[in-house]
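Peer 1: Below are the sequence and a predicted model for it; my questions follow.
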Amino acid sequence: MVLDLSGLTFIDSAGPGMVATCSGTMDKTGGQFVVVGAPGKVHQMFKVTRLNQAVGVYQDLEAACKPLSAHPAAPEG
């Protein structure tokens, strides 16, 4: 799943928690969660909270999709 944050100018304290929750849920189900286009202060929040170490943060959609295509799909069932 790719979360496009390019339209944000601000993110409050609930944002990092929700991103971490979504990423954890995707990991548990065999998926992958990445963020693309986080501007200025939003991108800085990922660094300050070190959330960028748990969630892939990319500048553009093409770069964000590369690791997703290498990730095996979750088994259906």
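Peer 2: In hand now; what should we look at? Numbering: from 1, shown residues only.
Peer 1: so how far is stretch 35-44 off the chain centroid?
Peer 2: Centre-to-centre, stretch 35-44 and its host chain are 10 Å apart (CA atoms, centre = their mean, to the nearest Å).
Peer 1: ok, and what's touching it?
Peer 2: The contact list for stretch 35-44, computed with CB atoms under 8 Å, 6 or more residues apart in numbering, reads 2-6, 8-11, 19, 45-46, 55-61, 63-64. Every residue, glycine included, has its C-beta placed from N, CA and C.
Peer 1: One more: stretch 9-22?
Peer 2: So stretch 9-22 is contacted by 1, 3, 5, 33, 35, 39-42, 45-46, 49, 51, 54-55 (CB under 8 Å, 6+ apart).
Peer 1: Drop anything exposed from those.
Peer 2: Neighbour-count burial (16 or more other CB atoms under 10 Å) applied to the contacts of stretch 9-22 gives 3, 5, 33, 35, 42, 45-46, 49, 51, 55.
Peer 1: CSV for the residues you listed, including secondary structure and distance to residue 24?
Peer 2: Formatted as CSV, the buried ones among the contacts of stretch 9-22 follow (DSSP: H, G, I helix; E, B strand; the rest coil; distance: CB to CB, whole Å):
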residue, secondary structure, distance to residue 24
3, strand, 14
5, coil, 18
33, coil, 8
35, strand, 14
42, helix, 20
45, helix, 18
46, helix, 16
49, coil, 15
51, helix, 12
55, coil, 10
